[in-house]
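Novice: structure for this input, please:
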Amino acid sequence: MTDRLMLLDSASLYFRAFYGVPDTVRAPDGTPVNAVRGFLDIITRLVTTYRPTHLVACWDDDWRPQWRVELIPTYKTHRVAEVVAGGPDVEVVPDPLEVQVPIIREVLDTLGIRVVGAAAHEADDVIGTLATTATKPVDIVTGDRDLFQLVDDAHDVRVVYTARGMSNLEVLTDASVVAKYGVLPSQYADFATLRGDSSDGLPGVAGIGEKTAAGLLATFGDLAGIIAAAELGEGMSAGVRSKVLAGLPYLAVAPQVVAVVRDLTLDVPDPRLRPLTEEGKAAAASLAERWALGASMNRIVEALDAV
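Specialist: Residues are numbered from 1 along each chain as shown. Below is the predicted model:
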């Protein structure tokens, strides 16, 4: 089997699991475990479908890094439950999900699945670094369009996009990003900067939508080329030029927020997937009994046996 690395955008997936499985699914002590069971089922499906040999659950050690907020103060502001001075802000997370996150971490550890995060950075940045430095083909699993910027046929980096549900997974390559948006993956960060993204609190350039952004990038190549042309007054209508010039203060800082970091120093234990030992299986069975994980745990143990 050819080695292949799978990188999970963990929060994206456990939020999907939480909303996809009824919260009536509970452990004997009454703790909801719908996200835990759903997350395990997602990993099982991914492992059996795409056959990765290596797997990393990438983690948001800081879901809203202060350095990004300083550049764009509205960044994810609508998802802040509590501002914490000197530390990561508290994200709005449903209580029944919040209590399950430590259980998810415990289960992943028991299964030998590596969890990797980085201080003052998001899971996207961990994914960006691991995908960029990988020496084997990479599948990035996410429901976040921001990570389309990492798709790279030349280095065999794909995105397995979950937005339409786990029964309608979409594998994105260079061609499919171009087909969706009219831009290359290498242009996607500039495209997203221009267009903006209300889900992340990024305003974009006022009056510049997807079609105009794609057209500008097709003509001028990148954001620097667009700005240079606007300042010279060449190659674009007066209306578009005025919008770009009016957006220059935003364009001076937004690219740093949108671009994922690709050069973090990370401590990544060997992420190769392996069948559980008998001791590991006993530990998994004990967790399954404690948290009523039942068939979800059985299925992932069987999937690991097959790697």
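
Novice: isn't Asp152 right next to Pro185, touching?
Specialist: Yes. Here Asp152 lies in contact with Pro185, judged by Cβ atoms under 8 Å, at a distance of 6.3 Å. All C-beta spots, glycine's among them, are computed from the backbone N, C-alpha and C.

Novice: ranges for the strands of this structure?
Specialist: 5-9, 54-58, 80-82, 90-91, 114-116, 138-142, 157-161, 170-172 (DSSP state E).

Novice: tell me which residues are up against the last one.
Specialist: So that's strand 170-172. The contact list for strand 170-172 (Cβ atoms under 8 Å, 6 or more residues apart in numbering) reads Asp139, Phe148, Val151, Arg158, Val159, Val160, Tyr161, Ala163, Arg164, Ser176, Lys180.

Novice: neighbours of the nearest residue to the second one once chain neighbours are set aside, how many?
Specialist: To tie it back to what came earlier, the one meant is Phe148. Spatial nearest neighbour of Phe148, excluding adjacent residues (Cβ to Cβ, 6 or more residues apart in numbering): Tyr188 at 4.7 Å. Using other Cβ atoms under 10 Å, Tyr188 has 23 other residues around it.

Novice: distance-wise, check Tyr188 relative to Val178.
Specialist: Per Cβ to Cβ, to the nearest Å, Tyr188 is found 10 Å from Val178.

Novice: could you do Glu122 as well?
Specialist: Counting by Cβ to Cβ, the separation of Glu122 from Val178 is 26 Å.

Novice: so the two - more neighbours on which side?
Specialist: Shown here are Glu122 and Val178; by other Cβ under 10 Å, Glu122 has more neighbours (26 against 15).

Novice: what ranges do the helices span in the stretch 151-300 of the chain?
Specialist: Here the stretch 151-300 of the chain has its helices, by DSSP state H, counting those that start in this stretch, at 174-181, 188-195, 210-220, 223-232, 238-246, 248-251, 254-258, 278-291, 294-305.

Novice: packing partners for the third one?
Specialist: Just to be clear, that refers to helix 210-220. With contacts taken as 3 or more Cβ pairs under 8 Å, 6 or more residues apart in numbering; DSSP states H and E, helix 210-220 sits against helix 188-195, helix 223-232, helix 238-246.

Novice: Asp3: which of the helices of the stretch 151-300 of the chain is closest?
Specialist: For Asp3, the closest of those is helix 294-305, at 16.3 Å, according to Cβ to Cβ.

Novice: returning to what we had before: common neighbours of Asp152 and Pro185, please.
Specialist: Contacts common to Asp152 and Pro185, judged by Cβ under 8 Å, 6+ apart, are Asp174.

Novice: those two: which is more packed in?
Specialist: Pro185 (23 against 17).

Novice: Lys243 touches Ala206, doesn't it?
Specialist: Yes. The criterion here is Cβ under 8 Å, and Lys243 meets it with Ala206 at 6.3 Å.

Novice: who has more neighbours, the two?
Specialist: Set Lys243 next to Ala206 and count neighbours by other Cβ under 10 Å: Lys243 wins out with 18 against 10.

Novice: picking up where we left off before, wait, the residue nearest to Phe148 sits on Tyr181?
Specialist: Yes. Tyr188 is within contact range of Tyr181, at 7.1 Å (criterion: Cβ under 8 Å).

Novice: now the common contact residues for those two.
Specialist: Residues touching both Tyr188 and Tyr181 (Cβ under 8 Å, 6+ apart): Phe148.

Novice: for the residue nearest to Phe148, what are its contacts?
Specialist: Phe148, Gln149, Val151, Val177, Tyr181.

Novice: what's the neighbour count on the third one?
Specialist: Val151 has 26 neighbouring residues, counting by other Cβ under 10 Å.

Novice: hang on, it packs against Tyr181?
Specialist: No. Val151 is beyond contact range of Tyr181, at 11.1 Å (criterion: Cβ under 8 Å).

Novice: hang on, the earlier thing: list just the nearest of the contacts of Tyr188 to Thr2.
Specialist: Distance to Thr2 across the contacts of Tyr188 (Cβ to Cβ) is lowest for Val151, with 19.2 Å.

Novice: any idea how far the closest one lies from Val47?
Specialist: 21 Å.

Novice: mind checking how far Thr129 is from His121?
Specialist: Per Cβ to Cβ, Thr129 is found 9 Å from His121.

Novice: so what sits against both of these two?
Specialist: What both Thr129 and His121 touch, as defined by Cβ under 8 Å, 6+ apart, is the set Val261, Leu264.
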